[in-house]
Structure formats: structure tokens, C-alpha cells
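Asker: Below are the sequence and a predicted model; questions follow.
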Amino acid sequence: MITPRYCVTMARYNAWQNRQVKAAFEALSPEDLTRDRGAFFGSILATANHLLWGDRIWLSRFTGGEPPVGSIAESVGLTTSREDWALERFRVDSALLRWADGLKQVDLAGPLRWQSGVTGREMVKPVGLCVTHMFNHQTHHRGQIHAMLTAAGAEAPVSDLFVLPDEGPWL
């Protein structure tokens with residue numbers, strides 16, 4: 001379904017997007033970042049926190065690492081400031097890049113098992129599908145953040161994948 005190279009490209013894309021989101025956050029006041037904007041998770045920061053939490057939980061499933069605490073509902077409060085978010089986002093983006101860079105094709109084959117908080121049961125899905133979902137989840141919620149940043153008067157990131165720079169820095 002997917003290749004290690006695809007994962008590296010998408011991890012790079014994710015880090016590049018998050019650097020741009022961080023810059024956009026710096027142009028907004030704390031009130032602008034936490035104002036309820038009618039999005040699914042409410043505010044810009046809450047949506048960014050949910051996305052950060054989601055990346056952490058999927059990465060823990062792929063690597064066997066420690067999952068984040070809390071549920072999806074609690075994910076919105078993962079960090080309380082743009083500075084805390086930026087630091088944690090950097091850490092997770094670094095971990096995603098290291099994970100993707102170390103993948104072999106065999107790592108993307110076979111089933112992934114996990115206990116889903118969403119469904120309340122054990123899930124078994126192809127690893128490749130789950131990795132694709134993680135990257136799609138990132139894009140989905142960054143689209144929401146993009147819309148909220150635009151509505152807040154901030155300059156939203158360039159998000160076209162074909163514009164991804166060929167060279168780093170990725171973090």
C-alpha cells in the first residue's frame with residue numbers, strides 16, 4: 001500500500017507544515033489561539049493539541065512506545081500555551097522523522113493491534129492503512145487550523161505538498 005519513502009516524505013511534510021503553523025501562532029495573542037471558533041475541537045490551540053495527541057498515540061502504536069495520557073476529549077488540553085505546544089510539537093515531529101527514516105518495507109506489512117478508545121474494543125487493521133490514516137489525520141486537522149488562522153487574520157501556511165522543499169531543515 002505504501003513505502004518507507006512515502007512515510008519519510010509525509011513526516012517531512014508534517015514537520016514543514018508544523019513549522020509554518022508555529023510561525024502563524026506567534027502572530028496571534030493567547031486569546032486568539034484559545035478563542036472558541038466553532039470548530040470541532042473549538043479553538044486553534046485545542047485543535048493543534050488534539051493533532052499532537054493523535055500523532056503521539058499513533059506513534060506509540062507503531063513503535064510500542066508510551067501512549068499519551070487521556071482520551072480524545074482530554075486531548076484538547078495537552079498543552080496550555082503556544083510555547084509548550086511548540087516544544088512538544090518539535091519533540092513529536094523529531095520522533096516521527098526518526099521513526100519514518102528507520103522503516104523497512106516489512107515494517108509496513110501485516111496487522112496492527114490496539115485497544116481503541118473510540119470504539120471501545122480491540123482493533124486489527126493493516127499497518128499501512130493505519131500509517132496512511134495518521135498522515136491523513138494530520139492533513140485534515142491542519143486544514144481546520146488553516147481555516148481558523150485565516151479567519152483570525154493570520155497568514156496561514158502554504159500547504160501544497162508539491163511545494164515541500166527538497167532540502168531541510170525539517171524541524
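Answerer: Good, I have the coordinates. Numbering: from 1, shown residues only.
Asker: got the contact list for the closest residue to residue 7 other than its chain neighbours?
Answerer: In space, and not counting its chain neighbours, residue 7 is closest to residue 100: 4.1 Å by Cβ to Cβ, 6 or more residues apart in numbering. Just so you know, the C-beta spots here come from the backbone N, C-alpha and C atoms, and that holds for glycine as well. In this structure, residue 100 makes contact with 4, 7-8, 10-11, judged by Cβ atoms under 8 Å, 6 or more residues apart in numbering.
Asker: ok, now residue 143?
Answerer: Here residue 143 is in contact with residue 159 (criterion: Cβ under 8 Å, 6+ apart).
Asker: helix or strand for it, which one?
Answerer: helix 127-151 (DSSP states H and E).
Asker: what is the mean pLDDT for that helix?
Answerer: For helix 127-151, the per-residue pLDDT values average out at 96.
Asker: Equivalent analysis for stretch 98-108, please.
Answerer: For stretch 98-108, mean pLDDT rounds to 97.
Asker: Over to it now: how far is its first residue from its last?
Answerer: Terminal residues of stretch 98-108 are spaced 15 Å apart (Cα to Cα, to the nearest Å).
Asker: Relative to the whole chain's centre, how far out is that stretch?
Answerer: Relative to the mean C-alpha coordinate of its chain, stretch 98-108 is positioned 18 Å out (Cα atoms, centre = their mean, to the nearest Å).
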